[in-house]
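Asker: starting from these lines, generate the structure:
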Amino acid sequence: MRGAGKTDNVMRVRLVAVLFMLASVLPAREGTSYKSKPKNHEKNRQMSTNAYEAALVRYKGDTNILVLPGLVADKGRKRVEVMAETLRLRAGGPCEFTVIAETSDHGYEANLISFAKPSDVHRALQFIGTDPGESFDPGSLRNWAKGESVVLTLAWSNEPPLRLEQLLADKRTGKGLPETGFMFTGSRMVSSINDPTNEVYAADEYQPKSIVSLFNTPYSVLEVPYFARKEDVYQNLIVNPERELPEGEVVTLVIEPVNKDGARRVKDLVLQLQAGAMPTNSGLKERLSGLICQLKESETVLNAKPSLLSVFDALAALDRKKHDYYLAVSFGDGVELGDARALAMLFSTIDCERGVRIEPPPAGQLHYKAFIPPQQLLDRENRMYHPWELSLSEKDGHVSGVLLLVESVWKEGATALVLETTEFPVSSPQDLRKELDAEMERTRKADGRPKPREIMVFAPPTLKYSHLMNFLEPALPTHRTVHVYLDTPMPPIPGKKP
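Answerer: Numbers count the residues shown, from 1 in each chain. Predicted coordinates for the structure are as follows:
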């Protein structure tokens, strides 16, 4: 019975994971029981309407000024002023958003309600010359949000200006948030709730309708300029007891770019790695030392010598006080997978806020983290889901493999899940694509749960990068997440003789 209990626990964990996933993607229902509006809300809304109508008259014909409901943007001053009202949250209580739209249901966990729509705030920032970047999105292998930094300040009568970060405190440090500004990533365009054929600005239509988020999300106009998971924010960020806001007071949220001279804070770097002319029996250290490396910013080569050591010297010399650096890594065709794994371990030490933030891979490439795969996925009995498993081998320059479909199923009369496996010989990239498509079609017809679009690859470390990518190329449009295991054979198939 010990095994059955273990399986039940796994099932419970899986069920919780599925419920959490659904809660994160479905739109919240209107009419939530939480209090979302402060006192004086109707009065404040009318005040905002009056201010908008007055601004239209005042700035009529002025091409340097953009007037939208709830905001005024000044191109010459590089400044956006958003009319907002304060929410009174419990001192020391959790807070996940600082600014939300007026139609949000999340007033119970935000500091301010904006009378300007999220998409209008986005439009205003573009009007003053600040372009959106790219929001955090692990599904697209974007592990870092990217965008220009802006400073947000609260201004209201008889009070000195207040940085927005000062409204929050971190329980881990006992201090307020660092005044690092916020990043303009922009919210995603998504299908409308009522009309899937129509695309809308997600923060306008989908809850929580965030304008400024304290965690990384694809669906907010602005977010913190560092890595912040939702669960960590909920557990650790609180309303600053020393900066409590009165309820229902009208304030001006001032948004200004950190660099008002138009200089970009974001810097894009590209690192290209090619195999050197080292003998095939050379050791790992010699092969890495012999790599031909080029680090570029636009057309400028930054490394003095074409060596890996010179690249790291150039990265260490970057000015991180003035700029945020994003690095795209490209492996050359002749790089062996064992070398790619060693490089990935090096990249993992610099892929951080104080180092460089590594970008999603270029087309036809894998993210470097593919070569540092999660070891827990090797445990078929206890992992939470089953990716495809692909074992590759090479003979006389030809790569072929075996594709394995693993499923957890209930057998009639059984008391626990049973693993079922199906093997598919794949002698070419086209065979791989054919089997993936066949399984997706079978699942669709059976109205079953789609299989995770991930592939575990088991390959020899001497396999060339180009050979791996040529084989995976047809699969990557639908299966971008790849885990490459080297010197690790595919786990034994139940019931199959070695």
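
Asker: and for K296, the neighbour number?
Answerer: 15 (other C-beta atoms under 10 Å). Placement of C-beta: from N, CA and C, glycine included.

Asker: same thing with G70?
Answerer: G70 has 24 nearby residues by other C-beta under 10 Å.

Asker: that one: what's it in contact with?
Answerer: S48, Y52, V82, M83, S114, F115, A116, K117, D120 (C-beta atoms under 8 Å, 6 or more residues apart in numbering).

Asker: residues of the one helix or strand the last one maps to that come out buried?
Answerer: D120 is located in helix 118-127, with elements delineated by DSSP states H and E. Residues P118, S119, D120, V121, H122, R123, A124, L125, F127 are the ones in helix 118-127 that count as buried (16 or more other C-beta atoms under 10 Å).

Asker: run a quick neighbour tally on the spatially closest residue to L417 that is not a sequence neighbour.
Answerer: Once flanking residues are discounted, L417 sits nearest to S408: 4.4 Å by C-beta to C-beta, 6 or more residues apart in numbering. Counted with other C-beta under 10 Å, the neighbours of S408 add up to 18.

Asker: element containing S408, please.
Answerer: Going by DSSP H and E, S408 is in strand 398-409.

Asker: what is that strand packed up against?
Answerer: strand 388-395, strand 418-426, helix 429-445, helix 465-472 (3 or more C-beta pairs under 8 Å, 6 or more residues apart in numbering; DSSP states H and E).

Asker: between these, which one is nearest to D105?
Answerer: helix 429-445 (34.3 Å; C-beta to C-beta).

Asker: could you check the angle the closest one makes with helix 465-472?
Answerer: On the basis of axes from the mean of the first three to the mean of the last three C-alpha atoms, to 10 degrees, helix 429-445 is oriented at 40 degrees to helix 465-472.

Asker: in helix 429-445, which residues are buried?
Answerer: Buried, per 16+ other C-beta under 10 Å, within helix 429-445: P429, D431, L432, R433, E435, L436, E439.

Asker: and the residues you listed, which two are furthest apart?
Answerer: Every pair of the buried residues of helix 429-445 checked by C-beta to C-beta; the farthest is P429 and E439, at 16.3 Å.

Asker: so where is the stretch 251-400 of the chain shaky, pLDDT-wise?
Answerer: The model of the stretch 251-400 of the chain has pLDDT under 70 over residues 278-282.

Asker: how does it look with 80?
Answerer: Applying pLDDT under 80 to the stretch 251-400 of the chain flags the ranges 277-284.

Asker: for it, which segments count as strands?
Answerer: 266-274, 292-297, 300-301, 324-331, 357-358, 388-395, 398-409 (DSSP state E, counting those that start in this stretch).

Asker: mind listing what's buried along the last one?
Answerer: Pointing back at strand 398-409 there. By 16+ other C-beta under 10 Å, the buried positions in strand 398-409 come out as V399, G401, V402, L403, L404, L405, V406, S408.

Asker: save these as a markdown table, and put in distance to S157 too.
Answerer: Formatted as a markdown table, the buried residues of strand 398-409 follow (distance: C-beta to C-beta, whole Å):
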| residue | distance to S157 |
| --- | --- |
| V399 | 71 |
| G401 | 70 |
| V402 | 72 |
| L403 | 68 |
| L404 | 68 |
| L405 | 66 |
| V406 | 65 |
| S408 | 63 |
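
Asker: farthest residue from the center of this protein?
Answerer: G413 (43.1 Å; C-alpha atoms, centre = their mean).
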